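Participant: build me a model:
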Amino acid sequence: MSGEKLNACPHIKVLPKGQRLQRRGTIIAPCKHRTPHYLLGWTIPFDDICKIYPGAATGVTDIWLTEIQMPWFKSYGHKYRDGAEHCYRNPDFLYVSLNKADPNDSQVLVFISHNRDEESIAMAENQEFIDDMRKMTFIDESVTGELKWLGPHELQVMQRRS
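Facilitator: Here you go, the predicted model:
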């Protein structure tokens, strides 16, 4: 191994939006790990939820269906229809913690795509789709930071949406 540099495992917890992901389950060199499931989205610190969603004083669940998903479906549902029958691309969210040291440091992850299939990876590269999602989910990147891929490493789901 003299002079040969080992490449780091690319399966890290957060990746920039511009990084092309492999489909979930793909084995890649140099680490020989299977590509895990990633979600593409924005994170909102729990204390800042009302800056993005003023009506969400008790949580995002209260407003998500009526203020985000139904308007999205009405405006864009057929434009961004999934290839599967009766399936539509729509924004969703999870309560997560990105901090293993402090699991109470919860955030809302507003996610718009994933790497489960090639069609979803392609949508993650479609700037018009991203812009439409940003507009309809009221994302303010001065609060949320940039759109990014979040993987399973240290991404803990605190509560699934009911």
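
Participant: use CA for all of it now, contacts and neighbours both
Facilitator: OK.

Participant: look up how far residue 67 lies from residue 113.
Facilitator: 19 Å (CA to CA, to the nearest Å).

Participant: quick one: average pLDDT of whichever strand in the chain runs longest?
Facilitator: For the chain, the longest strand by residue count, based on DSSP state E, is strand 106-114. Strand 106-114 shows a mean pLDDT of 87.

Participant: with just CA atoms, put whichever helix or strand comes after that strand into PDB.
Facilitator: Following strand 106-114 in sequence order, the next helix or strand is helix 118-123 (DSSP states H and E). Output of helix 118-123 as PDB, limited to C-alpha atoms (Å, rounded to 0.1, in the frame of the first residue of the first chain):
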ATOM      1  CA  GLU A 118     -34.200   5.600 -10.600                       C
ATOM      2  CA  GLU A 119     -37.300   7.700 -11.300                       C
ATOM      3  CA  SER A 120     -37.000   9.300  -7.800                       C
ATOM      4  CA  ILE A 121     -33.300   9.900  -8.200                       C
ATOM      5  CA  ALA A 122     -34.100  11.700 -11.500                       C
ATOM      6  CA  MET A 123     -36.700  13.800  -9.900                       C
END
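
Participant: ok, and what's touching the longest strand of the chain?
Facilitator: By CA atoms under 8 Å, 6 or more residues apart in numbering, the residues outside strand 106-114 that reach it are 37-46, 49, 89-98, 120-121, 123-124, 130, 133, 158.

Participant: of those residues, grab the buried ones for PyMOL.
Facilitator: Only the buried entries of the contacts of strand 106-114 go into this PyMOL selection, using 16 or more other CA atoms under 10 Å:
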select buried, resi 37+38+39+40+41+42+43+44+45+46+49+89+90+91+92+93+94+95+96+97+98+120+121+123+124+130+133+158
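
Participant: quick check: neighbours of the longest strand of the chain in the sheet, parallel or antiparallel?
Facilitator: strand 39-45 (antiparallel), strand 92-97 (antiparallel) (DSSP bridges).

Participant: now residue 47: how far from residue 61?
Facilitator: Residue 47 is 15 Å from residue 61, by CA to CA.

Participant: which one's more surrounded, these two?
Facilitator: residue 61 (14 against 11; other CA atoms under 10 Å).

Participant: report pLDDT for the more buried one.
Facilitator: Reported pLDDT for residue 61: 84.

Participant: same check, this time on residue 139
Facilitator: 95.

Participant: how many residues are close by it?
Facilitator: 22.
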